[in-house]
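Asker: I would like to see how this sequence folds:
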Amino acid sequence: MSIAAEVLMGIWLLLCSVQDVKEKKISIFLIAAGGMLLSVTFLIIGGVPVMSRLSGLFLGLLLLVIGRLLKGQIGAGDGMIICITGICLGFIKNLNLMLFGLSLAALVSLFLLIFKKAGRKDTIPFVPFLLLSYLGGIFLV
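Answerer: Numbering: from 1, shown residues only. Modelled structure (predicted):
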């Protein structure tokens, strides 16, 4: 993967993270614009087989379905972002991104619950954890 594509993905995840933290939602424009730009960039770069891209997309679609079944407990924006990262990164990297992001979110949630900074019904933005997971994958692996 090229450094330019990695930086582009990082900037997009950062912009989505900031909006997710501030507004507890991500604009469809930011998701769509970033998704188109990233998808074209990563398709041009190549290196990820089509079936892996489709499988990575499937993870996001699965997250969207689960969010629907849980009546919005998982945001649609989170699912759409996982769809886009899946198209760009492929199945294994997207699965790692999602699992590490979920693990970080679980640790922070546990901390917030233990120290009574949040309750069971409170929500936390997920995209910042995806950003941290993505950066960790770039710099630590």
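
Asker: isn't I124 right next to S109, touching?
Answerer: Yes: applying CB atoms under 8 Å as the test, I124 and S109 come out as touching, 6.3 Å apart. Yep, even glycine has a C-beta here, placed from its N, CA and C like the rest.

Asker: How much space separates K25 from V127?
Answerer: From K25 across to V127, the span is 10 Å (CB to CB, to the nearest Å).

Asker: quick one: low-confidence parts of the chain?
Answerer: The model of the chain has pLDDT under 70 over residues 1.

Asker: mind redoing it with 90?
Answerer: 1-2, 43, 46-47, 70-75, 114-123, 139-141 (pLDDT under 90).

Asker: just checking, what's the longest helix in it?
Answerer: When the chain is parsed with DSSP state H, its longest helix is helix 91-114.

Asker: can I get the CA coordinates of it in CSV?
Answerer: Taking C-alpha atoms only, helix 91-114 is exported to CSV below (Å, rounded to 0.1, in the frame of the first residue of the first chain):
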residue,chain,number,x,y,z
PHE,A,91,-11.1,-8.8,4.5
ILE,A,92,-8.2,-9.6,6.9
LYS,A,93,-7.0,-6.1,7.4
ASN,A,94,-10.6,-4.8,7.8
LEU,A,95,-11.4,-7.6,10.3
ASN,A,96,-8.3,-6.7,12.3
LEU,A,97,-9.2,-3.0,12.1
MET,A,98,-12.7,-3.8,13.4
LEU,A,99,-11.6,-6.2,16.1
PHE,A,100,-8.9,-4.0,17.5
GLY,A,101,-11.2,-1.0,17.4
LEU,A,102,-13.9,-3.0,19.3
SER,A,103,-11.3,-4.2,21.8
LEU,A,104,-10.1,-0.6,22.5
ALA,A,105,-13.7,0.6,22.8
ALA,A,106,-14.5,-2.2,25.2
LEU,A,107,-11.5,-1.3,27.4
VAL,A,108,-12.4,2.4,27.5
SER,A,109,-16.1,1.4,28.2
LEU,A,110,-15.0,-0.8,31.1
PHE,A,111,-12.8,2.0,32.5
LEU,A,112,-15.7,4.4,32.2
LEU,A,113,-18.1,2.0,34.0
ILE,A,114,-15.6,1.1,36.7
